[in-house]
Structures are given as structure tokens and as C-alpha cells.
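In: Structure for the following, please:
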Amino acid sequence: MKRIRLHIITLCASGLATGAQAQQEDFIGQAAVYGLYAINPSWEASLGAQALFNQNIAELWSAMGDAGIQYRITRHWTTGLHYRLIRFRETDNRYSTRQLFFHTLTYADGHHDFSWSVRSRTQQLVFGDLFDDAPRGPRWYNRMRLRVAYRFDYYWSIYSSAELFLPLNRPGPVVLDQWRQNNGITYTFNDHVRIDLSFSSQFQVNRRGNDSRFGMLTNLYFSL
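Out: So this is what the prediction gives:
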């Protein structure tokens, strides 16, 4: 049955603690709204908007809009294409445009109350407007994520995920420059509402500064 699912991520509160060289701290908040439309059992379209605040949630750091389409190939395999338009605040408080194009390929399976998935996300980041004469970039990444979940009952489940950021066109012999780890718990109220609480850690390696980011995320999902 065709339906629209509205996913509202109410708050993603992150603490940013940079590496020992920078010695800076920040508190980051994120709010996002996503709508998903099931065209049929195989195809699904999505639209979303997201805002990210830093400086202890006092200033808008970036805002973005996202459009995508997903296709379920088989019971285990899913693929998708996305376009994301980003307005990002630079160090001089001027907002610049960034554009992100990415493709996902996911394999998911499970056994009894355990489930797991492996996702490959290939993305291209371009600096500048779509019709600029000389946009900067592109910057290519392949992101590999492993996610494992366990469901206690209809209401409660926990999960853990790890993701590697692999630069594809960065100069020099750099294989990995970021990795992210996430642990969370999900509570399902009913078939239409669930809440997700998680702690996220992201670390830079082989980069100048090698910043570390730590975040508490609260996601609220509505399905209509």
C-alpha cells in the first residue's frame, strides 16, 4: 500500500572536542525532517531538510536539502541515489554552497532477533553552485559501514555501527582519513512512532589536526 512516512530527527546534540593541537571545544545540535513515499514495494522516494548548529548551538553551521530514490533489488539488496544541496558557513562567517551526490548499495540479513547490514556509499562532493563556471572539486569518498542490531521485543532494540571513510582522489598514499562509531537504543511506541537514542564518535586520521567529534543523537520517527 502506498504511504508517506515522515521521519523527523528532532535533535542531534554533539560535543566537538578537537585534537590536542587545537584545544577547542564546541557543542553541536542538528535538526532534520525527512519524508518518504513508498511508490510500490520496490521503489521509494525521499525528500529531506536538515540544519546543523555549532558554537554551543548559537549559530547556524550548515543547512541542507536532500532528494533521493531507493530501489529494493531483492529481499537482501537495496540501492539508492541521492542529491544533497548544502549551505556551509566558512571561517569568515560567509556561507558557501556545496553539493553532494551519492550512491548506496546495502546488503541486509538477520537471524532470529539479530540483524546486520553492510552498506557501501560512494559520494562526490563539489564546492560551488550547480551552474558555476568553475566549481571546485570534486572530492570523492567511499564510505563502508557495518551495522549490527538486536531486538529484545516489539518495543526495545539496540544497535552498534562502524563506518570507514576512504578517500578516492586525495593526493598521497592515504587509504583512510576518518572513521565513525555509533551505539544506540531504539524504542518503538507503535507502528507509526519510534525514538532512537545514540552516542556517536568520529575520529580523523592522516589529516592535519586529526579532530575527534563526540555526539549524543536523539531521532524521532513518524510514519503516516
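
In: Identify the residues contacting Q99.
Out: Y83, R84, L85, I86, L125, V126, G128, D129, L130 (Cβ atoms under 8 Å, 6 or more residues apart in numbering). All C-beta spots, glycine's among them, are computed from the backbone N, C-alpha and C.

In: Can you turn the buried part of the residues you listed into a ChimeraX selection?
Out: Selection of buried members from the contacts of Q99 for ChimeraX, criterion 16 or more other Cβ atoms under 10 Å:
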select :84,85,86,125,126
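
In: list the contacts for A49?
Out: A32, V33, Y34, A63, M64, G65, D66.

In: which SSE is it in?
Out: Element membership of A49, judged by DSSP states H and E, is strand 43-54.

In: Tell me how many other residues crowd S120.
Out: 15 (other Cβ atoms under 10 Å).

In: now F165
Out: 20.

In: Tell me who's in contact with it.
Out: Here F165 is in contact with Y141, R143, L176, D177, Q178, W179, R180 (Cβ under 8 Å, 6+ apart).

In: so the fourth one sits right up against Q204, yeah?
Out: Right, D177. Yes - with contact defined as Cβ atoms under 8 Å, D177 and Q204 form a contacting pair (6.4 Å).

In: So, low pLDDT: which residues of the chain?
Out: 1-26, 130-135, 208-210, 224 (pLDDT under 70).

In: The same query, at a cut-off of 50, please.
Out: 2-4, 7-25 (pLDDT under 50).

In: which residues in it form strands?
Out: Using DSSP state E, the strands of the chain run over 4-17, 25-38, 43-54, 59-72, 77-89, 95-111, 114-127, 136-151, 156-167, 178-188, 193-204, 212-223.

In: got the contact list for the residue nearest to A51 when sequence neighbours are not counted?
Out: Excluding the flanking residues, the one nearest A51 by Cβ to Cβ, 6 or more residues apart in numbering is A63, at 4.9 Å. The contact partners of A63, by Cβ under 8 Å, 6+ apart, come to A49, Q50, A51, L52, I86, R87.

In: What separation do you get for A63 and F114?
Out: 37 Å (Cβ to Cβ, to the nearest Å).

In: Kindly report the same for L85.
Out: For L85, the distance to F114 - Cβ to Cβ - is 37 Å.

In: likewise L164?
Out: For L164, the distance to F114 - Cβ to Cβ - is 22 Å.

In: thinking again about what came up before, could the contacts of A49 go into CSV alongside distance to M216?
Out: Listed next are those as CSV, based on distance: Cβ to Cβ, whole Å:
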residue, distance to M216
A32, 15
V33, 20
Y34, 20
A63, 21
M64, 21
G65, 25
D66, 22
